[in-house]
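Enquirer: quick one: sequence plus predicted model below, questions after.
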Amino acid sequence: MILFVASCGNQDEITDPHFMWRGNKYITTYEPIEEERLAEQVGVIKAEVEGPVDENGEARGLPEGTLLFKIDDQKESPADMMAYHIGDRFYIARKLVVYQ
């Protein structure tokens with residue numbers, strides 16, 4: 001299992017597309033995932049922001065309305081991976097872990 005790890009405490013410097021869901025930040029990977037692996041839709045991006053992502057449903061680099069999905073084999077809560085929908089494809093986002 002791969003988790004993205006930031007070694008500094010300043011998450012405001014993340015420039016790759018990412019979003020906040022259930023108190024955790026997830027970074028997009030553009031790794032495709034088959035629709036058959038999706039369990040259910042769990043949310044939607046409510047706002048695209050230019051600055052720091054601080055609230056659930058906010059994203060930087062993902063448009064408002066992007067659908068978020070639970071992946072079937074992710075039993076942990078919160079999940080280490082989620083899926084998001086762009087165009088006609090589904091991609092993996094991985095939980096960002098920050099060590100200070």
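Expert: Nice, thanks for sending it over.

Enquirer: could you measure from Y30 over to N56?
Expert: 22 Å (Cβ to Cβ, to the nearest Å). For glycine as for every other residue, the C-beta is placed from the backbone atoms N, C-alpha and C.

Enquirer: give me the neighbour count for the residue lying closest to T66 once chain neighbours are set aside.
Expert: Counting by Cβ to Cβ, 6 or more residues apart in numbering, T66 lies nearest to I45, which is 4.2 Å off, once chain neighbours are set aside. I45: 19 surrounding residues under other Cβ atoms under 10 Å.

Enquirer: okay, I45: pLDDT?
Expert: Note on I45: pLDDT of 98.

Enquirer: tell me where this protein has strands.
Expert: Taking DSSP state E as the criterion, the chain carries its strands at 4-6, 18-21, 24-32, 38-44, 47-48, 58-60, 67-71, 81-86, 89-98.

Enquirer: do you know the pLDDT at the most centrally placed residue in the chain?
Expert: The centre of the chain sits closest to Y26, judged by Cα atoms, centre = their mean, with a distance of 3.3 Å. pLDDT recorded at Y26 is 95.

Enquirer: E13 now?
Expert: 73.

Enquirer: show me the shaky parts of this protein.
Expert: For the chain, the stretches flagged by pLDDT under 70 are 1-12, 76-78, 98-100.

Enquirer: could you redo the last one with a cut-off of 80?
Expert: For the chain, the stretches flagged by pLDDT under 80 are 1-13, 74-79, 97-100.

Enquirer: mind listing what the closest residue to E35 other than its chain neighbours touches?
Expert: Nearest non-adjacent residue to E35, counting by Cβ to Cβ, 6+ apart: F90, 5.7 Å away. Shown in contact with F90 (Cβ atoms under 8 Å, 6 or more residues apart in numbering): 32-35, 38, 69, 83-84.

Enquirer: ok, 10 Å please
Expert: Counting by Cβ atoms under 10 Å, 6 or more residues apart in numbering, F90 touches 31-38, 67, 69, 71, 83-84.

Enquirer: what subset of those residues is buried?
Expert: The neighbour-count test (16 or more other Cβ atoms under 10 Å) marks 33, 38, 69, 71, 83-84 as buried among the contacts of F90.
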